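Chemist: with the input below, show me the fold.
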Amino acid sequence: MRATPVVVAAAILDGDPPALLAAQRGGPAALAGKWELPGGKVEVGETEQQALERECHEELDIVIAVGERAAPDMPTVAGDAVLRTYWARLVEGSPRALEHAALRWLTADELGDVAWLAADLPVIAQIRHRLHST
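Modeler: Down below sits the predicted model:
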């Protein structure tokens with residue numbers, strides 16, 4: 001039996017009050033303009049944490065420290081993989097949109113200001129709850 005592919009996402013918090021880093025998709029056309037948490041596919045031979053560190057370095061030119069799981073597993077938009085989200089904090093660098101159309105830091109009250117990908121909505125609800133309780 002083949003394991004379900006895993007896509008990892010980073011709920012990167014920074015600042016006081018804490019804000020969440022959101023990334024706007026540039027493509028493909030069906031997803032362009034929607035917002036997501038940064039991340040990507042876990043490659044063969046790497047842990048989920050290593051995948052997040054690699055993806056954030058490649059996509060955003062930053063170094064992050066990956067923490068605990070931030071939300072339960074969710075199906076991806078295409079339904080062909082599972083989305084697994086981890087808390088993360090910015091360790092080095094200032095995020096740059098190398099592979100995204102735009103980036104935004106969103107406070108808890110601003111999380112509803114962007115059009116999130118459907119797969120991220122339940123995760124964003126949990127993040128909003130956590131940000132409001134800090």
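Chemist: contacts for the longest strand anywhere in the chain, please.
Modeler: Secondary structure assigned by DSSP state E gives strand 82-92 as the longest strand of the chain. For strand 82-92, contacts defined as Cβ atoms under 8 Å, 6 or more residues apart in numbering pick out 4-14, 21, 37, 39, 48-49, 52, 56, 62-71, 73-76, 119-120, 123. In short, each C-beta sits where N, CA and C put it, glycine included.
Chemist: one more pass at 6 Å, please.
Modeler: 4, 6-12, 14, 63-71, 73-74, 76, 119, 123 (Cβ atoms under 6 Å, 6 or more residues apart in numbering).
Chemist: which among those residues count as buried?
Modeler: 7-12, 14, 64, 66, 70-71, 74, 76, 119, 123 (16 or more other Cβ atoms under 10 Å).
Chemist: in strands, which of these appear?
Modeler: V7, V8, A9, A10, A11, I12, D14, I64, V66, M74.
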